[in-house]
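Enquirer: Let me see the structure of the following:
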Amino acid sequence: MTEEQKQGLSEGTLHEQLTDDSKSSFARYQDLALGSDSVWYLIKYELIMLVSSWIPGALGLVLRKFLYPFVIGSVGRNVVFGQGVVIRHGNKVSLGDGVIVDDGAVLDAKGGTNAGIVVGDNTIVSRNVVLSCKNGDISIGSGCTIGMHTLVHAMEGSNVAIGNDVLIGAFGYFIGSGPYVSDDLDLPFKKQGMTPLGGISIASNVWFGSHVQVLDGVTIGGGSIIGASTVVNKSVGEFDVVAGVPMRVLKNRKDSAKE
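Expert: Numbering: from 1, shown residues only. As a prediction, this is how the structure comes out:
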């Protein structure tokens, strides 16, 4: 087994940790939700979620603005939390000034060795967006908009890095997770591990249409445009306009501006 495949076993290993029958349900819940065995942190988390996560309207916004920083690693000024926001391993979540986390969003920094999730100033994490780590890291720059129902996933060895002023349409899919190894016909895929392809790197000022899928191992240059429903399975150059399945380059914005 290669070193990359061993690294790719992290997702299967994490699954085993969370379903370990030798641990109590209480301990497994702490592994899943908190990433900490601190009873004090558990009490804080449970009480804060109980009294504020579900409350609608202005009262809920005020309560969450005051209480959520007690269960999140770093929260800047004037951060807004919508109703029903889910926080997992909150000590590894960092939110800049002016961030908006809309209703039903998930901030899941799960992992035993990762740094977690970083969101820059004035970025909007729209309704039902899922930022999901499995021992990987997600970093999102300043001034971004992450469209509703978008999934950003990062496993160990396949981190996702998004620059500043990036626009992502609804139902995007950014999967920092390499393919499963499938050589052994008798062994479940999760026990064979994955082959991380190096993650996803997105420069600043990129515009993604809705329903875009970005696969592991891809680099996307600044100023580019990714058309709706495109499957991005290879890197995109600066100012390129791409679309289709399979993806193809339609034009380059810089070249067009010279004409």
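Enquirer: can you list contacts of the longest helix that the chain contains?
Expert: The single longest helix within the chain, with elements called by DSSP state H, is helix 39-52. With contact meaning C-beta atoms under 8 Å, 6 or more residues apart in numbering, helix 39-52 is reached by 30, 33-34, 36, 60, 63-64, 67-68, 70-71, 87, 90-91. (Glycine included, C-beta is placed from N, CA and C.)
Enquirer: Could you pull out the buried residues of it?
Expert: The neighbour-count check on helix 39-52 (16 or more other C-beta atoms under 10 Å) flags Tyr41, Leu42, Lys44, Tyr45, Ile48, Met49, Ser52 as buried.
Enquirer: Dump the C-alpha coordinates for the following helix or strand past that helix into CSV.
Expert: Toward the C-terminus, helix 39-52 is succeeded by helix 57-67 as the next helix or strand (DSSP states H and E). The C-alpha trace of helix 57-67 is given here as CSV (Å, rounded to 0.1, in the frame of the first residue of the first chain):
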residue,chain,number,x,y,z
GLY,A,57,-36.4,35.9,14.7
ALA,A,58,-34.4,38.7,16.2
LEU,A,59,-34.3,37.1,19.7
GLY,A,60,-32.6,34.0,18.3
LEU,A,61,-30.1,36.1,16.4
VAL,A,62,-29.1,38.1,19.5
LEU,A,63,-28.8,35.0,21.7
ARG,A,64,-26.6,33.1,19.2
LYS,A,65,-24.4,36.2,18.5
PHE,A,66,-23.7,36.3,22.3
LEU,A,67,-23.6,32.5,23.1
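Enquirer: Check which residues of helix 57-67 are buried.
Expert: For helix 57-67, a neighbour-count test (16+ other C-beta under 10 Å) marks Gly60, Leu61, Leu63, Arg64, Leu67 as buried.
Enquirer: and Asn205, what is it in contact with?
Expert: Contacts of Asn205 (C-beta under 8 Å, 6+ apart): Gly163, Asn164, Asp165, Val166, Gly222, Gly223.
Enquirer: between those residues, which is closest to Ile175?
Expert: When those are compared for distance to Ile175 (C-beta to C-beta), Val166 wins out at 16.5 Å.
Enquirer: Can you pull out the residues in contact with stretch 241-253?
Expert: Stretch 241-253 has contacts (C-beta under 8 Å, 6+ apart) with 223-234, 236-237, 239-240.
Enquirer: how long is that stretch from one end to the other?
Expert: One end of stretch 241-253 to the other measures 7 Å (C-alpha to C-alpha, to the nearest Å).
Enquirer: Stretch 52-59 too?
Expert: Start-to-end, stretch 52-59 (C-alpha to C-alpha) is 9 Å.
Enquirer: picking up where we left off before, show me just the buried residues among the contacts of helix 39-52.
Expert: For the contacts of helix 39-52, buried by 16+ other C-beta under 10 Å: 30, 33-34, 36, 60, 63-64, 67-68, 71, 87, 90-91.
Enquirer: gap between the two ends of stretch 234-248?
Expert: In stretch 234-248, first residue to last residue: 10 Å (C-alpha to C-alpha).
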